[in-house]
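Chemist: Here is my input, please return the structure:
(one chain, ligands or ions: 2)
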Amino acid sequence: MRVLLHGCNGRMGQVLTRIISQLEDMNVVAGVDREPNKYNNNYPVYDNLTKVQEEVDVLIDFSNHTALDSVLEFGLKRNVALVICTTGFTPEEKTKMREASKNIPVLNSANMSIGINLLNKILGQVAPVLYGDFDIEIIEKHHNQKLDSPSGTALMLADAINASLDNSLEYVYGRHSKTEKRQQNELGIHAIRGGAIVGEHSVIFAGAGEVIEINHSALSRDVFAYGAIRAAKFLSGKEAGFYTMSDVIG
Ligand SMILES: NC(=O)C1=CN([C@@H]2O[C@H](COP(=O)(O)OP(=O)(O)OC[C@H]3O[C@@H](n4cnc5c(N)ncnc54)[C@H](OP(=O)(O)O)[C@@H]3O)[C@@H](O)[C@H]2O)C=CC1
Ligand SMILES: O=C(O)C1=N[C@H](C(=O)O)C[C@H](O)C1
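Modeler: Ligands and ions are numbered 1, 2, ... in the order given. All right, here's what the predicted structure looks like:
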């Protein structure tokens, strides 16, 4: 499978470069990033998707949400499947992704790890049982280089909880300058940034007499890379459509 890495110089781009170089059934044929000569990669790197000459089966994107238009345009013009792992998309950008998926396969997930995607499924079953007697809060922790807050994963987990409760919750981002007590329908979302934390998410169900806390820690970025590779293979031969990691893990 011929892969184009979009954002190839970044933390995730370089992890994927290392891992894919060890695979026999996958090959990075080109990369795109803002500084093409930053690393001595064993594939050509371009500063713009329009310059890519190579034949490509799938584009894996770990870059920045502002690059979405160019990623979708590449996929549509070249009929290439897209695995979009970047976070921080606006609602309008998410709509554009869905539009493009009418013509090509597009897989998008804010977290490519198996653990988080399993947790995402479990939350939809747990939240309706506990809601009413338990307050629900999410805390996420990431490294000090992360651009977007809260994390895409925290929002994905919040959306899974909210969907299971008929979208009745109100998201509260931190509680700075609040002067009133917590309402039952609040879902608090809190972001910590520091050092080299790869990615930690806690979902807390706090009741009057007991607290349930479900934690996930990514121990290295390899889990995200392996998930993106699995997603790319999953898209091979798929019809146009919008897919998530939930489709991949089944
Ligand atoms: N879904 C998942 O499982 C995961 C998602 N992520 C998400 O992936 C994204 C990248 O993460 P990470 O690798 O840590 O970030 P990095 O900042 O290390 O890498 C992003 C790379 O993309 C480049 N870039 C920025 N804008 C553009 C553009 N318009 N066109 C081409 N390249 C561009 C950056 O260049 P420059 O440095 O010059 O800005 C950088 O080299 C983030 O949104 C992050 O939240 C991260 C890990 C897991
Ligand atoms: O920027 C990161 O590093 C990560 N971003 C994703 C997110 O925003 O949820 C996933 C992961 O936690 C790492």
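
Chemist: how about the strands in this structure?
Modeler: 2-6, 27-32, 45-46, 58-61, 81-84, 105-108, 134-142, 170-173, 186-193, 200-207, 211-217, 241-243 (DSSP state E).

Chemist: what packs against the last one?
Modeler: Counting contacts by 3 or more CB pairs under 8 Å, 6 or more residues apart in numbering; DSSP states H and E, strand 241-243 packs against strand 105-108, helix 222-235. Where C-beta positions appear, they are placed from N, C-alpha and C, glycine not excepted.

Chemist: Tell me the strands beside it, with direction?
Modeler: strand 105-108 (parallel) (DSSP bridges).

Chemist: Next: the first one.
Modeler: When pairing is defined by DSSP bridges, strand 2-6 lines up against strand 27-32 (parallel), strand 58-61 (parallel).

Chemist: Relative to ligand 2, which of those is closest?
Modeler: Smallest distance to ligand 2 across the strands paired with strand 2-6 (CB to the nearest ligand atom): 12.8 Å, for strand 58-61.

Chemist: same question for that closest one, mean pLDDT?
Modeler: Averaging pLDDT along strand 58-61 gives 98.

Chemist: again, but for stretch 86-101
Modeler: So the average pLDDT for stretch 86-101 ends up being 98.

Chemist: List the buried residues in it.
Modeler: Across stretch 86-101, burial judged by 16 or more other CB atoms under 10 Å covers Thr86, Thr87, Gly88, Phe89, Glu93, Met97, Ala100, Ser101.

Chemist: If we only consider the residues you listed, which is nearest to Ile20?
Modeler: Thr86 (18.0 Å; CB to CB).

Chemist: Domain-wise, how is the protein divided?
Modeler: 2-112+221-249, 114-217 (automatic domain parsing).

Chemist: ranking those by burial, who's on top?
Modeler: domain 2-112+221-249 (a mean of 18; mean count of other CB atoms under 10 Å).

Chemist: Give me the distance between the two termini of it.
Modeler: Using CA to CA, to the nearest Å, the end-to-end distance of domain 2-112+221-249 comes out at 22 Å.

Chemist: For ligand 2, see how far away Phe108 is.
Modeler: For the record, residue 108 is Asn, not Phe. Distance of Asn108 to ligand 2, computed by CB to the nearest ligand atom, to the nearest Å: 12 Å.

Chemist: Likewise for Thr244?
Modeler: Thr244 is 14 Å from ligand 2, by CB to the nearest ligand atom.

Chemist: With Ile249 instead?
Modeler: Applying CB to the nearest ligand atom to Ile249 and ligand 2 gives a distance of 16 Å.

Chemist: With Leu165 instead?
Modeler: Counting by CB to the nearest ligand atom - Leu165 and ligand 2 are separated by 22 Å.

Chemist: who's in contact with that residue?
Modeler: By CB atoms under 8 Å, 6 or more residues apart in numbering, the contact set of Leu165 is Ala127, Pro128, Tyr131.

Chemist: The first one contacts Ser164, doesn't it?
Modeler: Same thing as Ala127. Yes. Between Ala127 and Ser164 there is a contact at 4.8 Å, judged by CB atoms under 8 Å.

Chemist: Which pair of the buried residues of stretch 86-101 spans the longest distance?
Modeler: Farthest apart among the buried residues of stretch 86-101 by CB to CB are Gly88 and Ser101. That separation is 19.1 Å.

Chemist: Quick check, central residue of this structure?
Modeler: Ala110 (1.6 Å; CA atoms, centre = their mean).

Chemist: what's near enough to touch the spatially closest residue to that one that is not a sequence neighbour?
Modeler: Excluding its sequence neighbours, the residue lying closest to Ala110 (CB to CB, 6 or more residues apart in numbering) is Gly152, at 2.9 Å. Applying CB under 8 Å, 6+ apart, we find Gly152 in contact with Thr87, Gly88, Phe89, Ala110, Asn111.
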